[in-house]
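Novice: I'll drop the sequence and a predicted model, then ask my questions.
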Amino acid sequence: MKLLHCADIHLGYETHGRLDPATGLNSRLLDFKRCFDFMVERAIEEDVDVFLFAGDAYRTADPTPTQQKLFAEALRPIAQAGIPIVMIVGNHDHPVSFGKASSVDIFGVLEGNVEVFSTPTFCGPSDPIQTKSGPLQLIALPWPIRSKILSREAYRRATPHEIRDTIENLYAGFVRQSASELDPAMPAVVAAHLTVQGSELSGSERASLIAHEPTFSVGQLAAPGVDYVALGHIHRFQDRNADAFEKGEGPPVIYSSSIERISFKEFDARKGFVLVDIEPGRERRTAYEYVDTPARRFLPIEVDATEADDPTRAVLAAIAKEIVAEAIVRVRYRVDESQVGAVDAGAIREALAEAEHVAAVERVVDAQERRQRTVVRQDTSLKDAMERYVAQHEKLEGMRDDLVAAALEIEREVDG
C-alpha cells in the first residue's frame, strides 16, 4: 500500500508577494499553489492508495473564498482519480470558538472519498479506510481543542497545566486502546497534528507556544502494530524514531514538513512531502521517500562592511556571490556611523533586479562605540601607533602584544 503524507500547507501567506498581472492573485499564493499542484501530480503519477493530509490547510481558520477555491482546485484531481483523501484538523484549521466548523470541514461534503477528522477517531478492523489495495486502519489524532474539554463541567476550574495533562493522558490512552484492537493483517497508520518531544523546529513555529502545548513521546504514538506515524504541526522534515526504525524496532514517526517556505527563518529548510510504502504480511516492512517541492528560495545576505574602505562595493561583492534570480532576497549590511553616507542604496537595489522579490535592504549601524581614525603623527613611534590601532578594534585586543611584537620585528628588518 502506498500513501502520500503531507501537512502544513498554510495556504494564504502573502508576505513578500506582489500582484501577478496574469491572474490578479498574490504571487505568494501562486507559489503555494505551484507546490501543491506538484505534489498532487506526483500522487497521481505514483498511483497512491491514500492522500493523507496531517493538518493546517490554511494560514488561518477563516480562509478567504479565493483561498478555499485554490485549495479545492488543487485537490480535485486526487478526488477525480478515486484516491481516498484523509484530512486531520490542525490548530490553524480550527476556530477558537467551540461549536464552529473547522476550515476543512467543507471538504467532507465534496465529491469523492474524503474523510475529515476533527476528533480522535479509530478506523479499526470493522470500519477501516477502504483503498484500491485493501483496507487501511487509521488512528486519527487532530489538534487537541482545549475549549472542548473546558466545556465539560468537570474541567471548568482546571488550571492550564491540568488541562494539558488531561489532554496528554486522554490522547495517549486513546492510542493505546486503539492499538490493542488492531488487526495485524491490515496496515495501520497513526495520523496526528501535535507536538512530539524533542522535535527540531524549522524556525517559523512559535516556540513559546509549543512549549506550553500538550507534548507526546514517540513511544505513546509508535504503539505496537502501527506501521507509520504521519505527523503535522512542526515544519521541519524529521523522523523522530529514526534509530529504532533503522534497527527494525519501531515504525517511522515522521514530520513531513510544510510544502512552501513561510519566512526567512526557514531559508535553509527542505520543503516537501513523504511517499510511504507499507507491505502487508507477517514480516511487514515500511519504507518512505522524502520528495522536495519546488519551493521558492529565501536568500538572506549578511554583510559586515565596517572594515571596508568602500562599503557599497563590499555589499555588491557579497550579492555577486549569490544567485538572486527568482529568489526572495533580504540584504542586511552593517556599517559604522562614519560610513552611513557612503552607501549607495540605489546600486544595491539595482544589483538585486533579477530577484523575485526584495524583502528588505536593512542597514545596521554600529553605534555602541564611536570609531575614530587612528591619529598618527610623524613623531609617533610604531609601538604607540599599533597600540592605538588595536585599542580601537576589540576583536584584536587578545592579540595586542603579538601584533606589536610582530610590527617591531618588521621595523627592525626594514631598518636593517
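Specialist: Nice, thanks for sending it over. Numbers count the residues shown, from 1 in each chain.

Novice: ok, what's across the strand from Gln130?
Specialist: Pro135 (DSSP bridges).

Novice: Return the distance of Glu200 relative to Ala325.
Specialist: Glu200 sits 30 Å away from Ala325, going by CB to CB, to the nearest Å. Quick note: C-beta positions are derived from backbone N, CA and C, even for glycine.

Novice: Sorry, wrong one. I was asking about Glu302.
Specialist: From Glu302 to Ala325 the distance is 20 Å (CB to CB).

Novice: Now the helix or strand encompassing Leu30: average pLDDT?
Specialist: In this assignment (DSSP states H and E), Leu30 forms part of helix 27-45. On average, the pLDDT along helix 27-45 is 97.

Novice: Kindly export that helix (C-alpha atoms) in CSV.
Specialist: Presented in CSV, the C-alpha positions along helix 27-45 are these (Å, rounded to 0.1, in the frame of the first residue of the first chain):
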residue,chain,number,x,y,z
SER,A,27,2.5,35.9,-6.2
ARG,A,28,3.0,34.0,-3.0
LEU,A,29,-0.4,32.4,-3.3
LEU,A,30,0.7,31.1,-6.7
ASP,A,31,4.0,29.8,-5.1
PHE,A,32,1.9,27.7,-2.7
LYS,A,33,-0.4,26.5,-5.5
ARG,A,34,2.6,25.5,-7.6
CYS,A,35,4.0,23.3,-4.8
PHE,A,36,0.5,21.9,-4.1
ASP,A,37,0.0,21.1,-7.8
PHE,A,38,3.4,19.5,-8.0
MET,A,39,2.6,17.3,-5.0
VAL,A,40,-0.8,16.2,-6.4
GLU,A,41,0.7,15.4,-9.8
ARG,A,42,3.3,13.2,-8.1
ALA,A,43,0.5,11.4,-6.1
ILE,A,44,-1.3,10.6,-9.3
GLU,A,45,1.9,9.6,-11.1
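
Novice: And it, what's buried?
Specialist: 27-40, 42-43 (16 or more other CB atoms under 10 Å).

Novice: which one of those residues sits closest to Asp344?
Specialist: Closest approach between these and Asp344, by CB to CB: Ser27, at 27.8 Å.

Novice: check contacts around the closest one.
Specialist: Ser27 makes contact with Gly17, Arg18, Leu19, Asp20, Glu356, His357, according to CB atoms under 8 Å, 6 or more residues apart in numbering.

Novice: And Ala355, by the same measure?
Specialist: Contacts of Ala355 by CB under 8 Å, 6+ apart are Leu299, Val324, Ala325, Glu326, Ala327, Ile328, Val329.

Novice: switch the cut-off to 10 Å
Specialist: Residues in contact with Ala355, defined by CB atoms under 10 Å, 6 or more residues apart in numbering, are 297, 299, 319, 322-331, 349.

Novice: swap in Val48?
Specialist: 1-5, 42, 78, 81, 83-84, 131-133, 275-277.

Novice: same question for stretch 264-277, mean pLDDT?
Specialist: Stretch 264-277 comes out at a mean pLDDT of 95.

Novice: which parts of it are buried?
Specialist: Buried, per 16+ other CB under 10 Å, within stretch 264-277: Phe264, Lys265, Glu266, Phe267, Ala269, Lys271, Gly272, Phe273, Val274, Leu275, Val276, Asp277.

Novice: Give me the nearest residue to Arg176, chain neighbours excluded.
Specialist: Using CB to CB, 6 or more residues apart in numbering and skipping the chain neighbours, the partner closest in space to Arg176 is Ala223 (6.3 Å).

Novice: my guess is that neighbour contacts Val229, does it?
Specialist: Yes - contact criterion CB atoms under 10 Å: Ala223 and Val229 qualify, at 9.1 Å.

Novice: Name the nearest residue to the spatially most central residue of the chain, ignoring sequence neighbours.
Specialist: In the chain, the residue lying closest to the centroid (CA atoms, centre = their mean) is His235, at 3.0 Å. Distances taken as CB to CB, 6+ apart place Ser202 nearest to His235, at 3.9 Å, with adjacent residues excluded.
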